[in-house]
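Enquirer: Here is my input, please return the structure:
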Amino acid sequence: MENNINDLGFELIHIGVNCEDAEDAKRTAELFARAFGFGFREGKASYFAGNCIECMRGNGRGRNGHIAIGTVDVDRAAAWLESQGFELDASSRTQEPDGSTRAIYLKEEIAGFAVHLLRK
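Expert: Sure, this is the predicted structure:
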């Protein structure tokens, strides 16, 4: 079956902000949460303001941070992107327990942002 871009369900999931350290990340997420009424929560390597802003506890991928693009099927979305001339960073691939891809980064940054696909 040929991949159709409309079948992949691409949507913006979150923007990742690179911060200096854990304290800066927490402060940044708290400011976004307070300013816009977003919830605040701690993640494994970051703090979140709502679900849309992830504040990294240090410089993560990307000069400016990262952008997470959700899709219904990361493996199919990756194949579609490759067919469009994009390269993926195989070393960044994370898997679900069933072996399917949960997330993977594009090799090239876009406007200083690392971009990764994320399973919805």
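Enquirer: Show me the protein divided up by domain.
Expert: Following automatic domain parsing, the chain resolves into domains at 1-17+62-120, 20-58.
Enquirer: May I see those organised as JSON lines, with mean neighbour count and mean pLDDT added?
Expert: Backbone N, C-alpha and C define where each C-beta goes, glycine included. Compiled in JSON lines, those are given as follows (neighbours: other CB atoms under 10 Å; pLDDT from 0 to 100):
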{"stretch": "domain 1-17+62-120", "mean neighbour count": "15", "mean pLDDT": "94"}
{"stretch": "domain 20-58", "mean neighbour count": "16", "mean pLDDT": "97"}
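Enquirer: which residues are contacting stretch 18-38?
Expert: 17, 39-40, 42, 46-50, 52-53, 55-60, 62, 64-65 (CB atoms under 8 Å, 6 or more residues apart in numbering).
Enquirer: If we use 10 Å, what do you get?
Expert: Surrounding stretch 18-38, the residues in contact under the criterion CB atoms under 10 Å, 6 or more residues apart in numbering are 17, 39-43, 45-66, 113-114.
Enquirer: Lovely, talk soon.
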